[in-house]
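*Asks:* everything below, folded, please.
(2 chains)
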Amino acid sequence: MTLPKALSDFLSPDGHSSRVVPPSGHTAWLTSFTAGAMTFLAVFALALSLASGRLADRWSDALARTATIRLAAPEGQVDQQTAAVLALLATTPGIASSRALTDAEQRKLLEPWFGPDLPIDALPIPRLIEVVEDGTGYDGEGLRQRLAAEAPGAVLDDHTRWRRPLAEAAGRLRLLGLVSIVLILATMGAMITLAANAALAANAQVIKVLRLVGAKDSYIARAFVRRFTLRALTGAAAGALAGLIGVALLPSADAAGGFLTGLGFQGTGWLWPFVLPPLAAAVAFAATRHAAHTKLKELT
Amino acid sequence: MIAFENVAYNYGGGELLSDVSLRLAPGSFHFLTGPSGAGKTTFLKLGYAELLPTAGRVTIFDRDVRSLSRDDVARTRRRIGVVHQDCQFLDHLPLAANVQLPLTVSGKAGSARDLTDLLSWVGLEKLADALPPSLSGGERQRAALARAVIMGPDVILADEPTGNVDWDMSLRLLTLLVELNRMGKTIVVATHDLNLIRQAKSQVAARVLRISKRRIQLAGADL
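*Replies:* Purely as a prediction, here's the structure:
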């Protein structure tokens, strides 16, 4: 039987195919619990994945829009080269603004490492120039060549070295979240397969009677598939709801900031968990159908 | 209807049936007798494709059972009513649902009136809502017979249908089987109850087959 035909049979208004299998409270509860627990975990994995995605985008965007020029010139040439660099930047396409950091600002940047009494004038600290892009972007290689010609002590740092590992880390975290969801669904499929096999084995006598009166394997399988799919759907819906409540109760990102407090859903992201119960039902449908047809061949 | 050609069956511990050849003609009535363990149930199971012969050929409605797919077997069984000694019901469903089961699994809708008539025919109309475990042996046998005939099968195979009931109930079941035969159904009844066979022969032209030494032979005049 093809999958579309199996789905069509499943959705047909034949309630009796489910009733021919005796109710089994134990496996029913286990299936619903498994689907619920797995979906609950999947909601958190989804939240992690979406939050990581946002973080990766935020880090990439924030760092990609700015660059820094470090200017290390011989004493007496610092101001001259600084002016040259600023003039060069003012005529460079793709740069919205640029300015040299003041001594106070540079002291503040170094305070965490050297303390507040740093004699900045006495140290050969390079002048830092902040560059802000205008959105269209600038030609980094061309800018480096022009800086080398007009201000030999200037080095352009477009934050690529910092941005790449951060973006990669966040991207992998997002991937990890998605892989977790796949693993969770696969585990749920395996557990439902085991439960379905147990139910089929426990109902061997029922299957024997059904075959005796002329039931096809597809009819018998449908009875089990329908039952397990509906149990998984119900359990997963409860699990998704519990997961959503759990995520909603996490501290908001605005309250404290930081990555952990940013875990959760934003905007249309809140709709994603609603995809999980139908997905869980689809997994249960496929797992039970495969288990039923395999087991029914064994029970010949 | 059903034909056996040099059929043998081996459960693994030696042959139970050997070189069995028999053709069940439409509308015939056969008793199958023999000692316990002689192979009566195996013979019937071969007749509704529950078992496949280890040698020879069984054809059901002109089709070799070995050529039947799983769905074909299901469709074939809808044309054969089977009554087991232990009846085999779905204990969680009421009697009426059990009797209707062949219709249900084949996607056919039987009318409530027909069901009531059928239950009345076997004297169980007042027990339609009872669960099988609450029924007596005779009631279960009659319910099994009702289930076997609800699809209007061409053949009815009954395995010791009177094994668990008293003499009066045996006669009542026999009468039902004879009535079905008069309607044109082919009947095979496996039984070791020779008195029942003698009683039946006064009502219907039945052939009596005996399984002896792994083979089937026509029983003698003693029956």
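*Asks:* CA atoms for contacts and neighbours, from now on please.
*Replies:* Will do.
*Asks:* any idea how many residues pack against residue 115?
*Replies:* Because you didn't say which chain, this covers chain A. 10 (other Cα atoms under 10 Å in any protein chain shown).
*Asks:* hm, I was asking about chain B
*Replies:* Neighbours of B:L115 (other Cα under 10 Å): 19.
*Asks:* now do it against B:E179, distance only.
*Replies:* Per Cα to Cα, to the nearest Å, B:L115 is found 18 Å from B:E179.
*Asks:* so the residue in chain B positioned nearest to chain A, which of the three states?
*Replies:* Of all residues in chain B, B:A74 sits closest to chain A, at 4.3 Å by Cα to the nearest Cα. Secondary structure, DSSP: H, G, I helix; E, B strand; the rest coil: B:A74 is helix.
*Asks:* what's the single longest helix in chain A?
*Replies:* For chain A, the longest helix by residue count, based on DSSP state H, is helix A:160-202.
*Asks:* pLDDT of it, averaged?
*Replies:* For helix A:160-202, the mean per-residue pLDDT is 87.
*Asks:* so the next helix or strand after it, near chain B or not?
*Replies:* Downstream of helix A:160-202, the first helix or strand assigned by DSSP states H and E is helix A:204-212. Yes - applying Cα under 8 Å from any Cα of the partner chain, one finds helix A:204-212 touching chain B at A:V206, A:V209, A:L210, A:R211, A:L212.
*Asks:* for helix A:204-212, buried residues please.
*Replies:* Within helix A:204-212, the residues that qualify as buried are A:V206, A:I207, A:V209, A:L210, A:R211, A:L212, counting by 16 or more other Cα atoms under 10 Å in any protein chain shown.
*Asks:* stretch B:17-25 now?
*Replies:* Buried-residue list, stretch B:17-25, by 16+ other Cα under 10 Å: B:L17, B:S18, B:D19, B:V20, B:S21, B:L22, B:L24.
*Asks:* can you check stretch A:107-117 too?
*Replies:* Residues of stretch A:107-117 classed as buried: A:R107 (neighbour count, 16+ other Cα under 10 Å).
*Asks:* just the terminal-to-terminal distance for stretch B:126-143.
*Replies:* Stretch B:126-143 has its terminal residues 12 Å apart, counting by Cα to Cα.
*Asks:* find the closest residue to chain B in chain A.
*Replies:* A:G214 (4.3 Å).
*Asks:* where does the prediction get shaky in the stretch 201-300 of chain A?
*Replies:* Along the stretch 201-300 of chain A, segments meeting pLDDT under 70 span A:252-262, A:300.
*Asks:* need the residues of it near chain B, please.
*Replies:* Counting by Cα under 8 Å from any Cα, the stretch 201-300 of chain A sits next to chain B at A:V206, A:V209, A:L210, A:R211, A:L212, A:V213, A:G214, A:A215, A:K216, A:D217, A:Y219.
*Asks:* returning to what we had before: so how far is A:E298 from the closest residue to the residue of chain A closest to chain B other than its chain neighbours?
*Replies:* Distance criterion Cα to Cα, 6 or more residues apart in numbering or on different chains; nearest residue to A:G214, sequence neighbours excluded, is B:A74 at 4.3 Å. Separation of B:A74 from A:E298 (Cα to Cα) stands at 16 Å.
*Asks:* report pLDDT for the closest residue in space to A:T136 that isn't next to it in sequence.
*Replies:* Nearest-residue entry for A:T136: A:G94, 5.6 Å, with adjacent residues in sequence omitted and distances by Cα to Cα, 6+ apart. Looking at A:G94, its pLDDT is 88.
*Asks:* could you pull up the residues touching A:G94?
*Replies:* A:E133, A:D134, A:G135, A:T136, A:G137, A:Y138, A:D139 (Cα atoms under 8 Å, 6 or more residues apart in numbering or on different chains).
*Asks:* and the least confident of the residues you listed?
*Replies:* Ranked by pLDDT, those bottom out at A:G135 (73).
*Asks:* list the contacts of it.
*Replies:* A:R65, A:G94 are the contacts of A:G135 under Cα under 8 Å, 6+ apart.
*Asks:* tell me the SS of it?
*Replies:* coil.
*Asks:* next one: B:A130
*Replies:* Secondary structure, three-state DSSP: B:A130 is coil.
*Asks:* for it, give me its contacts.
*Replies:* Per Cα under 8 Å, 6+ apart, neighbours of B:A130: B:P94, B:L95.
*Asks:* helix/strand/coil for the most centrally placed residue in chain B?
*Replies:* What sits nearest the mean C-alpha location of chain B, by Cα atoms, centre = their mean, is B:L157, with 1.9 Å. Using three-state DSSP, the structure places B:L157 in strand.
*Asks:* and if you look at B:F31?
*Replies:* Per three-state DSSP, B:F31 ends up strand.
*Asks:* could you do A:D57 as well?
*Replies:* On the basis of three-state DSSP, A:D57 is classed as helix.
*Asks:* could you do B:V58 as well?
*Replies:* Under the three-state scheme (three-state DSSP), B:V58 adopts strand.
*Asks:* hang on, A:E130 is in a helix, isn't it?
*Replies:* No - checked against three-state DSSP, A:E130 lies outside a helix; its state is strand.
*Asks:* show me the contacts for it.
*Replies:* Per Cα under 8 Å, 6+ apart, neighbours of A:E130: A:T66, A:A67, A:T68, A:I69, A:S98, A:R99, A:A100, A:L101.
*Asks:* that one bridge partners, please.
*Replies:* A:T68, A:R99 (DSSP bridges).
*Asks:* the chain: helices as residue ranges?
*Replies:* In the absence of a named chain, this looks at chain A. So, for chain A - with DSSP H - the helices run A:3-11, A:16-19, A:25-64, A:78-90, A:103-114, A:140-150, A:160-202, A:204-212, A:217-248, A:253-256, A:276-298.
*Asks:* hm, I was asking about chain B
*Replies:* B:40-47, B:70-77, B:95-99, B:101-105, B:112-121, B:137-149, B:167-182, B:194-201.
*Asks:* the fourth one and chain A in contact?
*Replies:* Yes - taking Cα under 8 Å from any Cα as the criterion, helix B:101-105 and chain A are in contact, through B:L101, B:P102, B:T104, B:V105.
*Asks:* quick check: residues of chain B near chain A?
*Replies:* Residues of chain B lying near chain A by Cα under 8 Å from any Cα: B:70-71, B:73-78, B:81-82, B:88-90, B:92-93, B:101-102, B:104-106, B:148.
*Asks:* surely A:R19 and A:I220 touch.
*Replies:* No - counting by Cα atoms under 8 Å, A:R19 sits too far from A:I220 to count as a contact (10.8 Å).
*Asks:* spit out the contact partners of the residue nearest to A:G214.
*Replies:* A:R211, A:V213, A:G214, A:A215, A:K216.
*Asks:* tell me, what residue is most central in chain A?
*Replies:* Central residue of chain A (Cα atoms, centre = their mean): A:S49, at 1.6 Å.
*Asks:* got a list of what B:A144 touches?
*Replies:* B:V83, B:H84, B:C87, B:V99.
*Asks:* do A:T229 as well
*Replies:* Per Cα under 8 Å, 6+ apart, neighbours of A:T229: A:A281, A:A282, A:A284, A:F285, A:T288.
*Asks:* now render the helices of chain A as CSV, adding distance to B:L194.
*Replies:* Below are the helices of chain A laid out as CSV (distance: least, Cα to Cα, whole Å):
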stretch, distance to B:L194
helix A:3-11, 49
helix A:16-19, 41
helix A:25-64, 47
helix A:78-90, 115
helix A:103-114, 107
helix A:140-150, 106
helix A:160-202, 39
helix A:204-212, 28
helix A:217-248, 39
helix A:253-256, 89
helix A:276-298, 39
